[in-house]
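Trainee: here are the coordinates; sequence isn't available:
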């Protein structure tokens, strides 16, 4: 299971490296494997968190496989990802070669207007992990199914 997951994450990261080859750096194919000289990861949270681990693990997989010469990392905490997404969008012209780790919480914060920038202003490159979610309600809740939740939302989106 671990090997299968690691292989899937590596293949996704490798696909991302190939897809980003042109805008990131000049390809260096001397050894027949390396695609990029370098890649930079913007991490929308602090060191040691999930976004940090995802970025550093992907960078390590790419460099260990010889697909990228080196990977650098920059943690930018603030606003639940809002500071980093804003920085990346506002400085797009000077951020070639930069990938930002993104996840469902950032998308939700963007959709609900928690920060002024929109995740749709970024380009999805690859998915390397999947999140499973569950909605939990109290035992006396009138919501007992997804249909109940959708009906409550349709009736009053602001209070759902």
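Mentor: Noted; the coordinates are in hand. Just so it is clear, the structure is predicted and the values come from calculations on it, not from any experiment.
Trainee: in the protein, which spans are helices?
Mentor: Taking DSSP state H to define them, one finds helices in the chain at 2-19, 21-24, 50-64, 82-90, 104-111, 146-155.
Trainee: what comes into contact with the last one?
Mentor: Put plainly, it is helix 146-155. Residues outside helix 146-155 that contact it (Cβ atoms under 8 Å, 6 or more residues apart in numbering): 135, 142-143, 160. The way it works is simple: take the backbone N, C-alpha and C, and place the C-beta from them, glycine included.
Trainee: let's see if you can find the most crowded of those.
Mentor: Neighbour counts for these peak at residue 143, which has 16 neighbours (criterion: other Cβ atoms under 10 Å).
Trainee: sorry, back to before: which of the helices of the chain has the lowest mean pLDDT?
Mentor: Ranked by mean pLDDT, the helices of the chain end with helix 21-24 at the bottom, a mean of 40.
Trainee: how deep is residue 134 tucked in, by neighbour count?
Mentor: For residue 134, the count of nearby residues is 4 (other Cβ under 10 Å).
Trainee: how near is the spatially closest residue to residue 52 that is not a sequence neighbour to residue 100?
Mentor: Spatial nearest neighbour of residue 52, chain neighbours left out: residue 43 (5.1 Å); criterion: Cβ to Cβ, 6 or more residues apart in numbering. As judged by Cβ to Cβ, to the nearest Å, residue 43 and residue 100 stand 8 Å apart.
Trainee: quick check: neighbours shared by the two?
Mentor: Both residue 43 and residue 100 are contacted by residue 84, under the criterion Cβ under 8 Å, 6+ apart.
Trainee: find the pair from the contacts of helix 146-155 with maximum spatial separation.
Mentor: The span of these, defined through Cβ to Cβ, is set by 135 and 142 at 13.6 Å.
Trainee: residue 68 and residue 34 touch, don't they?
Mentor: Yes. Counting by Cβ atoms under 8 Å, residue 68 touches residue 34, with 7.0 Å between them.
Trainee: could you dump the contacts of helix 146-155 into CSV with pLDDT added?
Mentor: Listed next are the contacts of helix 146-155 as CSV, based on pLDDT from 0 to 100:
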residue, pLDDT
135, 83
142, 92
143, 93
160, 79
